[in-house]
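[1] quick one: sequence plus predicted model below, questions after.
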Amino acid sequence: MTASTALERLESQLNGNWAHLREARRRADEMQQRLLSEFAEFERDDSSIVVSGSLARGEFTAGSDIDWTLLIDGAADPWHAGLARRIAQKVKLIAAKDTGAEGTFGVMVFSHDLVHQIGGQDDTNQNTTRRLLLLLESRPAGRDDAYARVIRSILSRYLLEDRGFLRGSPFRVPRFLQNDFARYWRTIAVDFAYKLRDRSGKGWAIRSAKLRMSRKMIYVSSLLACYRCHLDHDAQTWKKLVDSDDGKSRIVEYFENIFRQTPLEITAGVLLQFPHLAGSAHKILGAYDEFLGLLADGRTREHLETLPEDDADRDPTYQKARQLSHRFRDGLLEFFFDKESGLDELTRNYGVF
């Protein structure tokens with residue numbers, strides 16, 4: 001059978017064996033189909049049930065939770081609260097564990113703040129997280145009318161209000177959008193330290209591993225999604241697109257299509273463009289495959305969830321996770337600072353300054 005996704009094509013091209021990635025994707029697809037069936041009775045045109053996290057990324061393992069949001073794009077309706085409770089009851093029966101304690105997921109979210117509160121003091125950590133993860137790691141679990149409208153509106157804010165992106169810069173990179181991704185990545189890193197203190201170190205090892213791997217992969221894919229426009233369009237075709245009658249709507253649609261992909265698919269798609277980066281691709285995705293293998297093993301996951309911080313230096317399981325993160329990091333540095341592809345220039349101009 002012909003490989004159908006960028007990740008599958010890259011695995012075949014490199015003669016890789018990323019069995020954990022394939023199994024996680026299979027589990028995610030199975031759970032997604034189950035949720036489509038379970039949530040069918042809740043479908044309305046003013047709201048979408050949206051899943052996030054490992055399920056949306058196609059990285060679902062036996063110990064994964066199910067992050068969900070009732071995304072509402074319409075007038076407030078008392079019925080929404082009851083709907084959210086019924087969804088929560090369904091998820092509780094299915095999920096391996098509860099959603100996070102911060103209240104970012106498992107709740108109703110209205111579209112207004114996601115679209116209109118970008119930057120400024122009213123753009124809270126919670127609002128930023130919800131908005132950017134809607135772009136980077138989300139899938140509708142059912143009717144997607146509201147979901148598609150909100151995604152389009154968010155992207156329109158970022159892309160069409162960025163004059164430099166449309167007219168000014170020789171690099172076709174949406175800086176408004178990319179800056180918010182960079183802000184979010186730094187927020188995740190700072191919040192790791194906050195949660196370490198707030199939770200008295202509980203679960204620090206698995207959160208550290210996720211920060212170094214899956215959280216970093218989200219940021220990697222966000223940078224590459226922003227770079228894609230420059231990589232896919234030369235200056236002449238870009239000017240024709242911007243100047244065309246329907247250019248703005250086509251630009252928004254172009255990015256909609258990119259963000260329909262998972263972080264792994266976005267990353268694999270760019271790696272496929274540069275065969276000379278095969279060694280870097282092996283490091284990045286081989287390490288990520290092994291990382292998902294650690295999470296998929298129930299005993300290993302529990303060990304990392306309960307490991308005292310004082311035992312880390314002599315714990316072989318944690319040290320393995322740490323070594324994987326170093327291989328992952330090394331591959332990313334080779335990838336993003338590669339001269340032949342031109343990624344080094346993009347990274348210096350956008351990933352650094």
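    Thanks, I have it.

[2] which parts of the stretch 51-200 of the chain are helices?
    53-57, 79-94, 111-116, 125-136, 145-160, 163, 175-198 (DSSP state H, counting those that start in this stretch).

[3] how about those helices, which one is nearest A312?
    A312 sits nearest to helix 175-198 of all those, at 12.5 Å, using Cβ to Cβ. The way it works is simple: take the backbone N, C-alpha and C, and place the C-beta from them, glycine included.

[4] could I get the buried residue list for the next helix or strand after the closest one?
    Under the assignment DSSP states H and E, the closest C-terminal helix or strand after helix 175-198 is helix 204-210. In terms of neighbour count (16 or more other Cβ atoms under 10 Å), helix 204-210 has its buried residues at W204, A205, I206, R207, S208, A209, K210.

[5] rebuild those residues as a markdown table, extending it with pLDDT.
    Below are those laid out as a markdown table (pLDDT from 0 to 100):
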| residue | pLDDT |
| --- | --- |
| W204 | 92 |
| A205 | 93 |
| I206 | 94 |
| R207 | 93 |
| S208 | 94 |
| A209 | 95 |
| K210 | 96 |
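
[6] out of these, which comes closest to L155?
    Proximity of these to L155 (Cβ to Cβ) peaks at K210, which lies at 26.8 Å.

[7] check contacts around that closest one.
    Listed by Cβ atoms under 8 Å, 6 or more residues apart in numbering, K210 has no contact partners.

[8] can you tell me how far it is from R25?
    When distance is defined by Cβ to Cβ, to the nearest Å, K210 is 18 Å away from R25.

[9] kindly report the same for R86.
    R86 is 29 Å from R25, by Cβ to Cβ.

[10] same deal with L292?
    When distance is defined by Cβ to Cβ, L292 is 10 Å away from R25.

[11] who touches both of those two?
    Contact with both L292 and R25 is made by residues E59, according to Cβ under 8 Å, 6+ apart.

[12] chain center to the worst-scoring helix or strand of the chain on mean pLDDT, what's the gap?
    The helix or strand of the chain with the lowest confidence, counting by mean pLDDT, DSSP states H and E, is helix 163 at a mean of 87. Here the centre of helix 163 is set off from its chain's centre by 26 Å, with Cα atoms, centre = their mean, to the nearest Å.

[13] one step back: so between R86 and R25, which is more surrounded?
    R25 (22 against 14; other Cβ atoms under 10 Å).

[14] name the surrounding residues that touch stretch 106-116.
    67-73, 76, 80-81, 84, 88, 91, 98-99, 122, 127, 130-131, 134, 146, 149-150, 153-154, 157.

[15] with stretch 161-178 instead?
    Contacts for stretch 161-178 (Cβ under 8 Å, 6+ apart): 155, 158-160, 222-223, 226-227, 229-230, 233, 235, 238, 242, 251, 255, 346, 349-350.

[16] now it: buried residues?
    In terms of neighbour count (16+ other Cβ under 10 Å), stretch 161-178 has its buried residues at D162, F165, L166, S169, F171, R172, V173, P174, R175, F176, L177, Q178.
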